[in-house]
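*Asks:* Sequence first, predicted model second:
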Amino acid sequence: MYRFKRLMVGLALSDMDESKIRYASLVSRLASSEEITFIHVKSAIDVMKGSPEKSPLMPSAASHELIGERMRELVGKYCVYCPHGVKVDYEIFDESQLVDIDILRRIKEKDVDLIVVGKISREFSAVETIPVRVTRKAPCSALYIPRGSWPGGSRPSDTRILVTVEFSEDSSGDPMQFAIDFAAEYKITDISCVHVFDVPLGYYKRGKSYEEFSEIMRKNAEKKLEKFKEGFDFKGVSLSSHLMRLEDKHYTAILEVAKKKDSNLIVIGERRKKAAAKLLLHSVTEQLIRTTTVPLLSVVAKGKGMSFFEALLRI
């Protein structure tokens with residue numbers, strides 16, 4: 001099973017940190033994690049929010065000591081689920097053109113299994129934020145926490161998992177295996193999956209109406225799903241499947257099912273590593289990361305894409 005022994009959590013020193021810290025501590029408890037590293041990237045114009053009793057704004061350029069003190073204060077307040085004995089570490093990076101590489105190098109050195117960040121801004125930008133750049137390139141899983149998300153409790157049975165399925169090993173196998181293993185270990189009786197199928201533009205050339213060809217595509221998806229399921233031992237966990245016809249966008253269909261099932265965790269496949277925003281614009285994964293209102297876990301098998309990662313670190 002994906003144990004997530006070593007976590008890395010990005011702190012912005014803002015009101016978004018509470019949710020990230022709470023979820024990271026819950027993951028560490030469920031996964032019996034050994035270490036959590038909290039990091040912050042310090043810039044010359046960065047500001048750090050003080051507690052209500054103090055000045056509302058404190059220049060973070062003042063010193064690493066003040067930033068470290070604030071990080072410990074936040075973690076001490078919100079890291080409520082951490083198991084006894086877990087090692088907690090703090091690191092501060094000075095912002096630079098190569099800060100992404102510095103963080104990725106630390107991810108490799110610490111053998112990090114999971115990165116926890118806030119939800120990425122839904123607006124694409126030619127110059128993306130550090131969390132975007134790091135999570136796209138890191139050879140490990142990433143957990144995205146929307147602002148205001150709140151763990152319903154420390155019981156794993158409270159987790160309602162929705163897995164996106166594309167019937168390919170790279171994009172669906174690892175997430176489904178994670179969901180099955182997690183559910184089986186923590187006595188969760190059922191999980192859900194969703195696949196979005198499309199009706200090709202040239203359907204009319206086959207002499208069929210839109211609805212007729214839609215039914216053909218649905219039946220094809222059902223066959224592919226049954227074939228896909230044969231590759232897994234579900235260990236007694238039941239799977240409810242949702243086949244959605246594409247009406248607008250793939251990601252909106254997935255979020256519709258998540259809302260219907262009251263899912264509190266969406267599990268998706270490997271992230272794209274291409275940096276150009278125009279190439280990512282239509283990526284279902286990228287759009288889900290940017291629009292989800294519930295925590296989203298992007299699962300990457302440990303070590304996958306390591307050759308790319310190693311080449312990147314040679315820069």
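*Replies:* Cool, got the structure.
*Asks:* a helix runs through residue 69, doesn't it?
*Replies:* Yes. Applying DSSP: H, G, I helix; E, B strand; the rest coil, one finds residue 69 inside a helix.
*Asks:* any idea how far it lies from residue 90?
*Replies:* Residue 69 is 10 Å from residue 90, where distance means Cβ to Cβ, to the nearest Å. The way it works is simple: take the backbone N, C-alpha and C, and place the C-beta from them, glycine included.
*Asks:* go on, residue 223?
*Replies:* From residue 223 over to residue 90 (counting by Cβ to Cβ), the distance is 52 Å.
*Asks:* same check, this time on residue 173
*Replies:* 36 Å.
*Asks:* Report the buried residues of stretch 206-215.
*Replies:* 213, 214 (16 or more other Cβ atoms under 10 Å).
*Asks:* For the stretch 1-150 of the chain, give me the ranges with low pLDDT.
*Replies:* Within the stretch 1-150 of the chain, the ranges that satisfy pLDDT under 70 run 1-2, 44-62, 122-127.
*Asks:* And stretch 239-253, end to end?
*Replies:* 19 Å (Cα to Cα, to the nearest Å).
*Asks:* on that earlier part again, which one's more surrounded, residue 69 and residue 90?
*Replies:* residue 90 (17 against 12; other Cβ atoms under 10 Å).
*Asks:* Please list the outside residues in contact with the helix or strand hosting that one.
*Replies:* Following DSSP states H and E, one finds residue 90 within strand 87-94. With contacts defined as Cβ atoms under 8 Å, 6 or more residues apart in numbering, strand 87-94 is touched by 34-42, 64, 67-68, 71-72, 75, 79, 82, 99, 102-103, 106.
*Asks:* Now it: buried residues?
*Replies:* 88, 90, 91, 92, 93.
*Asks:* after it, next one along is what?
*Replies:* helix 99-109.
*Asks:* Give the next helix or strand downstream of that following helix.
*Replies:* Following helix 99-109 in sequence, per DSSP H and E, is strand 114-118.
*Asks:* What is the subsequent helix or strand relative to that following strand?
*Replies:* Next along the chain after strand 114-118, with elements defined by DSSP H and E, is helix 130-137.
*Asks:* C-terminal to that next one, what's the next element?
*Replies:* With DSSP H and E setting the assignment, the helix or strand that follows helix 130-137 is strand 141-145.
*Asks:* Quick one: the strands in the chain, in order.
*Replies:* Using DSSP state E, the strands found in the chain span residues 6-10, 35-42, 47-49, 57-59, 87-94, 114-118, 141-145, 161-164, 190-197, 238-245, 265-268, 296-298.
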